[in-house]
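[1] Just need the structure, nothing else, for what follows:
(one chain, ligands or ions: 1)
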Amino acid sequence: MASLTIRKLDEGVKTYLRLRSAKNHRSVEEEVRVILRELIEGREEPLTPFSAPPAPSTAPTPQRTGAVPEASVTLIIGGGIAAYKSLDLIRRLKERRIEVRCVLTKAAQQFVTPLAVSALSHERVYTDLFDPQSEFDAGHIRLARDCDLIVVAPATADLMAKMANGHADDLASAILLATNRKVLLAPAMNPLMWTNAATRRNVTQLQRDGVVLIGPNSGEMAETGEAGVGRMSEAIEIASAAERLLRPPVPKPLAGKRVLITAGPTHEPIDPVRYIANRSSGKQGFAIAAAAQAAGAEVILVSGPVDLDDPTGVTVKHVESARQMLEQVQAALPADIAIFAAAVADWRVANEGEQKLKKTSAGMPPLQLVENPDILATIAKLTDKRPPLVIGFAAETEHLIDNAKSKLARKGCDWIVANDVSPATGVMGGDRNTVHLISRKNGEKDGEIAVDSWPVMTKEQVAIELVAHVAKSVSGKSVEPAS
Ligand code: C5P
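    Okay, here's the model as predicted:
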């Protein structure tokens with residue numbers, strides 16, 4: 001049995017099918033197929049369309065290859081010789097993880113067959129406004145709205161004229177009138193039709209209505225000896241234009257900037273097996289590195305020992321001690337922005353044991369401590385390679401704002417991100433942070449100190465917020481790239 005038509009469905013069943021198919025992003029026909037398959041396999045869903053999806057079955061179900069689609073397009077294929085390129089367009093869209101449901105106008109069927117389109121899209125093809133199979137549940141409305149974008153390729157002069165004037169006498173024009181989605185047109189027609197005053201008026205009207213056009217390109221026409229503007233854009237160009245509309249490029253406010261970040265604790269050796277450390281997890285510094293990278297910056301992260309994966313797209317230098325961290329920081333200069341989020345140990349052992357220290361009857365061996373270099377202060381006080389924006393952190397357990405304000409002056413940095421790390425806050429090693437951004441008003445060296453207190457946020461949110469402040473502050477100022 002090749003197909004099954006069921007008539008006289010009662011309203012309740014129709015409503016159920018309509019809701020369930022919309023929920024599962026399938027056509028009603030496909031949904032019925034799934035229901036029948038599930039019945040045969042003995043695992044039908046309960047009769048509530050918005051209930052939880054059924055538990056995975058071990059029974060074999062037909063699988064589609066490739067990743068799960070992230071977006072869907074209704075592709076209207078108009079009647080023109082360029083319709084053959086739409087077959088390639090279906091593939092180009094699908095390889096970008098875009099699901100494609102196709103509508104063929106009557107004229108389009110003279111150039112490509114519904115069978116070929118259906119085979120490539122893996123979906124049924126829609127051709128008629130008055131199709132009892134899909135129209136009992138207002139199929140043209142679903143095709144108009146159960147998608148993220150409508151692409152018309154080829155968009156013929158006739159289809160564009162209908163669209164510009166609000167006609168709806170066939171499935172394609174009805175969808176275009178009923179949609180509330182963005183529409184992308186890929187016009188294709190004879191050069192004289194394209195330059196005709198009527199088409200010019202229609203194009204202007206469509207652009208005013210917010211419709212986006214790709215092409216047409218210039219070149220040879222199908223008609224012998226004719227050339228000019230009117231060739232439909234190539235499938236790859238249309239697919240890229242569709243992708244830009246579906247996934248607009250993320251702004252990169254730190255593009256071209258080099259950001260240096262320190263993170264994590266340092267380990268200061270006592271002997272070959274023991275060290276002095278602190279509870280820093282490195283999460284905040286790593287989150288800042290990821291946020292700066294996402295904002296388009298070139299990021300160098302100098303990290304002490306942490307249990308975190310290196311952020312994607314970031315150059316990570318792994319170090320142990322404060323002195324190694326300083327070395328890597330100096331090697332990474334110049335930078336446009338330096339953010340010192342590491343919890344650097346203030347002290348190290350002067351008389352580090354070459355061998356493991358032994359217990360003696362004389363008691364604990366004396367540990368002499370010497371001060372570590374202050375990486376933040378060293379870099380902030382450079383005269384030649386000082387990054388234009390130097391940011392320090394102040395992790396305090398008391399007098400947070402006062403201590404942070406004096407640190408701003410003492411260390412010579414531009415901003416201090418102050419956070420309360422007393423054990424009750426759970427900030428050390430935790431996922432949330434409450435910070436105060438301490439800076440000088442108008443960025444003046446001796447300007448009045450301003451305190452901007454942020455609400456409790458995840459460390460990722462703090463990172464994104466900080467990067468947004470950085471981007472605003474440094475826009476337009478850039479250092480020479482590193483040699
Ligand atoms: O003095 P305190 O350790 O509280 O200063 C914190 C700030 O100074 C942080 O930005 C930290 O990364 C930085 N720092 C540093 N080198 C040190 C000590 C702190 O870079 N030796």
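
[2] Looking at the stretch 101-250 of the chain, which residue is nearest the ligand?
    In the stretch 101-250 of the chain, the residue that lies nearest the ligand is V250 (28.6 Å; C-beta to the nearest ligand atom). Just so you know, the C-beta spots here come from the backbone N, C-alpha and C atoms, and that holds for glycine as well.

[3] Next, count neighbours for the residue nearest to that residue when sequence neighbours are not counted.
    Nearest residue to V250, sequence neighbours excluded (C-beta to C-beta, 6 or more residues apart in numbering): A294, at 7.4 Å. A294: 18 surrounding residues under other C-beta atoms under 10 Å.

[4] One more: T312?
    Other residues within reach of T312, judged by other C-beta under 10 Å, total 8.

[5] how much space is there between the residue lying farthest from the centre of the chain and A377?
    For the chain, the residue at maximal distance from the C-alpha centroid (C-alpha atoms, centre = their mean) is S361, at 62.6 Å. Per C-beta to C-beta, to the nearest Å, S361 is found 43 Å from A377.

[6] again with E268
    18 Å.

[7] Please list the residues of the stretch 351-483 of the chain that sit near the ligand.
    Counting by C-beta under 6 Å from any ligand atom, the stretch 351-483 of the chain comes close to the ligand at N372, D374, I375, L376, G392, F393, A394, K407.

[8] mind redoing it with 5 Å?
    Selection of the stretch 351-483 of the chain residues close to the ligand by C-beta under 5 Å from any ligand atom yields N372, D374, I375, L376, G392, F393.

[9] Need those in CSV (columns: secondary structure and pLDDT).
    Converted to CSV, those look like this (DSSP: H, G, I helix; E, B strand; the rest coil; pLDDT from 0 to 100):
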residue, secondary structure, pLDDT
N372, coil, 98
D374, coil, 98
I375, helix, 98
L376, helix, 98
G392, strand, 97
F393, strand, 96
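
[10] Could you pull out the buried residues of stretch 460-477?
    Residues 460-467, 469-471, 473-474 are the ones in stretch 460-477 that count as buried (16 or more other C-beta atoms under 10 Å).

[11] Return that stretch as CSV; C-alpha atoms alone will do.
    Taking Å, rounded to 0.1, in the frame of the first residue of the first chain, the C-alpha atoms of stretch 460-477 are listed here in CSV:
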residue,chain,number,x,y,z
GLU,A,460,30.4,33.9,33.4
GLN,A,461,28.0,36.8,33.7
VAL,A,462,30.6,38.9,35.6
ALA,A,463,33.1,38.1,32.8
ILE,A,464,30.7,39.2,30.1
GLU,A,465,29.8,42.4,31.9
LEU,A,466,33.5,43.2,32.6
VAL,A,467,34.4,42.5,28.9
ALA,A,468,31.5,44.8,27.9
HIS,A,469,32.9,47.6,30.1
VAL,A,470,36.4,47.0,28.7
ALA,A,471,35.1,47.1,25.1
LYS,A,472,33.4,50.4,25.8
SER,A,473,36.5,51.9,27.4
VAL,A,474,39.1,50.9,24.8
SER,A,475,37.1,51.3,21.6
GLY,A,476,39.3,53.1,19.2
LYS,A,477,42.6,52.8,21.2
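
[12] what comes into contact with it?
    Contact with stretch 460-477 is made by 253-254, 257, 259, 284, 287-288, 290-292, 294-295, 336-337, 339, 388-389, 391, 417, 433, 435, 437, 443, 454, 457, as judged by C-beta atoms under 8 Å, 6 or more residues apart in numbering.

[13] per-residue confidence averaged over that stretch?
    Averaging pLDDT along stretch 460-477 yields 89.

[14] chain center to it: distance?
    With C-alpha atoms, centre = their mean, to the nearest Å as the basis, stretch 460-477 stands 18 Å off its chain's centre.

[15] Can you name the residues bridging to L437?
    V417, D452 (DSSP bridges).

[16] Pretty sure it sits against V417.
    Yes. The pair L437 and V417 passes the contact test of C-beta atoms under 8 Å, sitting 6.0 Å apart.

[17] returning to that earlier point: quickly note the distance from the residue of the stretch 101-250 of the chain closest to the ligand to V462.
    From V250 to V462 the distance is 19 Å (C-beta to C-beta).

[18] for D310, same thing?
    D310 sits 20 Å away from V462, going by C-beta to C-beta.

[19] Name the SS class of the residue nearest to A239 when sequence neighbours are not counted, please.
    Leaving aside its chain neighbours, A239 sits nearest to R92 (3.7 Å; criterion: C-beta to C-beta, 6+ apart). The three-state label given to R92 by DSSP: H, G, I helix; E, B strand; the rest coil is helix.

[20] R92: how many residues sit nearby?
    Applying other C-beta under 10 Å, we find 20 other residues in the vicinity of R92.

[21] now do the one 3 residues further on
    As a burial measure, E95 scores 11 neighbours (other C-beta under 10 Å).

[22] now swap in E320 and tell me
    16.

[23] Give me the pLDDT value at it.
    E320 carries a pLDDT value of 97.

[24] which residues in the stretch 201-350 of the chain form strands?
    Using DSSP state E, counting those that start in this stretch, the strands of the stretch 201-350 of the chain run over 212-213, 217-220, 227-231, 258-263, 268-269, 275-276, 298-303, 315-318, 337-340, 347-349.

[25] Tell me the strands beside the first one, with direction?
    Right, strand 212-213. Applying DSSP bridges to the sheet, strand 212-213 is found paired with strand 182-187 (parallel).

[26] ok, then the element right after the partner strand?
    Sequence-wise, the next helix or strand downstream of strand 182-187 (DSSP states H and E) is helix 191-195.

[27] And that next one, how far out from the chain middle?
    The answer for helix 191-195 is 40 Å, by C-alpha atoms, centre = their mean.

[28] Would you point out the helix or strand in this structure whose mean pLDDT is lowest?
    helix 132-135 (a mean of 61; mean pLDDT, DSSP states H and E).

[29] Just the residues contacting the next helix or strand after that helix, thanks.
    Sequence-wise, the next helix or strand downstream of helix 132-135 (DSSP H and E) is helix 139-145. Helix 139-145 is contacted by residues 22, 27-28, 74, 101, 103, 126, 129, 131, 133-134, 150, 171, 174-176, 178-181 when judged by C-beta under 8 Å, 6+ apart.

[30] Which of those residues fall in strands?
    T74, R101, V103, I150 (DSSP state E).

[31] Next, format these as TSV and append neighbour count.
    What follows is those, written out as TSV (neighbours: other C-beta atoms under 10 Å):
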residue	neighbour count
T74	27
R101	21
V103	28
I150	24
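
[32] give me the subset of those touching the ligand.
    Subset of these in contact with the ligand: empty, counting by C-beta under 5 Å from any ligand atom.

[33] now for the residues you listed, which pair is the farthest apart?
    R101 and I150 (10.0 Å; C-beta to C-beta).

[34] what residues are shared contacts of these two?
    Residues touching both R101 and I150 (C-beta under 8 Å, 6+ apart) are V73, T74, L75.

[35] can you list the residues of this structure near the ligand?
    Counting by C-beta under 5 Å from any ligand atom, the chain comes close to the ligand at F340, A342, V344, N372, D374, I375, L376, G392, F393.

[36] Number of residues surrounding the residue lying closest to Q284 once chain neighbours are set aside?
    Distances taken as C-beta to C-beta, 6+ apart place K459 nearest to Q284, at 4.8 Å, with adjacent residues excluded. Neighbour count of K459, defined by other C-beta under 10 Å: 21.

[37] Please apply the same query to S303.
    27.
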